[in-house]
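A.B. asks: Provided below are the primary sequence and the corresponding predicted coordinates.
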Amino acid sequence: MLRRALLVWGTGHLALGDRRGWLLLLIQPLAICGLVVLAALMIEGTRWLAVLIALVGFVLLWLGQALHAHYLAQRGGATGGGEIQVVALLPVLVVLLGGFWLVGGALGSPGATLQQYVSAWQNGNPAGAAQLFHVPADSAALTATWQAQRQYLAALVDDAARQYGSQAGLDPALPFNSLRFEELPGQRGGGRAVVAIDLVRRERFETELFGFIPTAAQRTVLVRRLGLVRLHAEAARTPWWLPAGMANPSRVWQIDEVQLTVDG
């Protein structure tokens with residue numbers, strides 16, 4: 001009974017002669033379609049958490065109707081046990097929730113969009129980064145820009161490493177590790193944001209633990225500001241397979257420009 005209800009909503013109730021099973025049978029495909037549409041509209045944008053609420057509600061309804069059918073069967077004299085079959089639902093839950101946290105909010109904030117851009121830069125994926133711009137960038141031009149910027153960053157990190165020593169945590173082979181991306185306060189407004197690109201180093205300093213035990217700690221220190229990233233939020237695109245004219249209530253953050261001047 002429980003296994004049947006977990007596979008197809010309402011079949012457990014129908015097996016018991018409960019006509020409410022027909023309603024559940026109808027609700028299942030509607031709920032699945034609704035969840036898919038909601039995810040397609042909102043999963044990447046600013047309202048991505050709404051998908052989580054819908055997903056939790058879907059799972060609770062799924063599990064609840066199956067357990068209710070099981071309860072009715074037991075009340076009608078069926079042999080108890082079998083609740084362990086609910087464990088069969090766990091792999092599906094792992095996939096659903098794992099996929100949600102992997103994709104959810106990918107463009108829902110300036111930091112999330114910038115993280116996507118830097119990851120594409122580090123992994124040499126200009127095609128993926130090009131789609132993050134308000135006006136999609138040319139992949140070939142982006143590749144050439146990245147190459148020049150990477151060489152420039154490596155030279156800067158190398159010079160800073162010579163100046164501040166090995167304890168500064170500066171490695172020319174890993175220049176991205178010495179970058180800090182920080183949204184500038186007071187710049188957010190009107191759906192726009194500005195993020196600073198800074199070259200930073202580690203610095204050791206003396207302090208006291210509990211106010212009287214001498215100890216040492218590290219802090220991040222600005223070496224120089226390298227550039228700015230300007231972003232703005234706009235309405236997320238509606239998937240092509242949804243009805244034409246359907247408004248998307250979610251917004252996504254896209255890049256207007258990356259200002260990282262290469263000296264010389």
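C.D. replies: All right, it came through fine.
A.B. asks: Could you measure from residue 26 over to residue 130?
C.D. replies: If you measure residue 26 against residue 130 using CB to CB, to the nearest Å, the figure is 44 Å. Every C-beta, even on glycine, is put in place using the N, C-alpha and C of the backbone.
A.B. asks: can you list contacts of the helix-or-strand element of the chain with minimal mean pLDDT?
C.D. replies: Per-element confidence for the chain was summarised using mean pLDDT, DSSP states H and E. The lowest value among helices and strands belongs to helix 2-7, with a mean of 84. Contacts made with helix 2-7 from outside it, assessed by CB atoms under 8 Å, 6 or more residues apart in numbering, are listed as 11-13, 15, 62, 65-67, 69-70, 82-83, 85-86, 88-89.
A.B. asks: Please apply the same query to stretch 12-32.
C.D. replies: By CB under 8 Å, 6+ apart, the surrounding residues in contact with stretch 12-32 are 1-2, 4-5, 8-11, 58, 61, 65-66, 68-70, 72-73, 76.
A.B. asks: Tell me how far that stretch lies from the chain's centre.
C.D. replies: Relative to its chain's centre, stretch 12-32 lies at 34 Å (CA atoms, centre = their mean, to the nearest Å).
A.B. asks: Restricting to C-alpha, output that stretch in PDB.
C.D. replies: Once non-C-alpha atoms are left out, stretch 12-32 reads as follows in PDB (Å, rounded to 0.1, in the frame of the first residue of the first chain):
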ATOM      1  CA  GLY A  12      -3.200   3.900  -2.000                       C
ATOM      2  CA  HIS A  13      -6.500   5.700  -1.300                       C
ATOM      3  CA  LEU A  14      -8.200   4.200  -4.400                       C
ATOM      4  CA  ALA A  15      -7.200   0.700  -3.300                       C
ATOM      5  CA  LEU A  16      -9.000   1.300  -0.100                       C
ATOM      6  CA  GLY A  17     -12.100   2.600  -1.900                       C
ATOM      7  CA  ASP A  18     -11.400   6.200  -0.900                       C
ATOM      8  CA  ARG A  19     -12.500   8.500  -3.800                       C
ATOM      9  CA  ARG A  20     -10.200  11.200  -2.600                       C
ATOM     10  CA  GLY A  21      -7.500   9.200  -4.500                       C
ATOM     11  CA  TRP A  22      -8.900  10.500  -7.800                       C
ATOM     12  CA  LEU A  23      -8.100  14.000  -6.700                       C
ATOM     13  CA  LEU A  24      -4.600  13.100  -5.600                       C
ATOM     14  CA  LEU A  25      -4.100  11.300  -8.900                       C
ATOM     15  CA  LEU A  26      -5.000  14.500 -10.800                       C
ATOM     16  CA  ILE A  27      -2.900  16.700  -8.500                       C
ATOM     17  CA  GLN A  28       0.400  14.800  -9.000                       C
ATOM     18  CA  PRO A  29       1.000  15.700 -12.700                       C
ATOM     19  CA  LEU A  30      -0.200  19.300 -12.000                       C
ATOM     20  CA  ALA A  31       2.100  19.600  -9.000                       C
ATOM     21  CA  ILE A  32       5.100  18.300 -11.000                       C
END
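A.B. asks: Can you list the strands that the longest strand belonging to the chain pairs with?
C.D. replies: In terms of residue count, the longest strand belonging to the chain (DSSP state E) is strand 213-235. In the sheet containing strand 213-235, the strands it pairs with under DSSP bridges are strand 192-209 (antiparallel), strand 251-260 (antiparallel).
A.B. asks: in the least confident helix or strand of the chain, what's buried?
C.D. replies: Neighbour-count burial for helix 2-7, with 16 or more other CB atoms under 10 Å as criterion, is recorded at 2, 5-6.
A.B. asks: just to revisit the earlier point, filter the contacts of stretch 12-32 down to the ones in helices?
C.D. replies: Judged by DSSP state H, the subset of these located in helices is 2, 4-5, 11, 58, 61, 65-66, 68-70, 72-73.
A.B. asks: Quick check: of the residues you listed, which lies closest to residue 211?
C.D. replies: Proximity of the ones in helices among the contacts of stretch 12-32 to residue 211 (CB to CB) peaks at residue 58, which lies at 52.2 Å.
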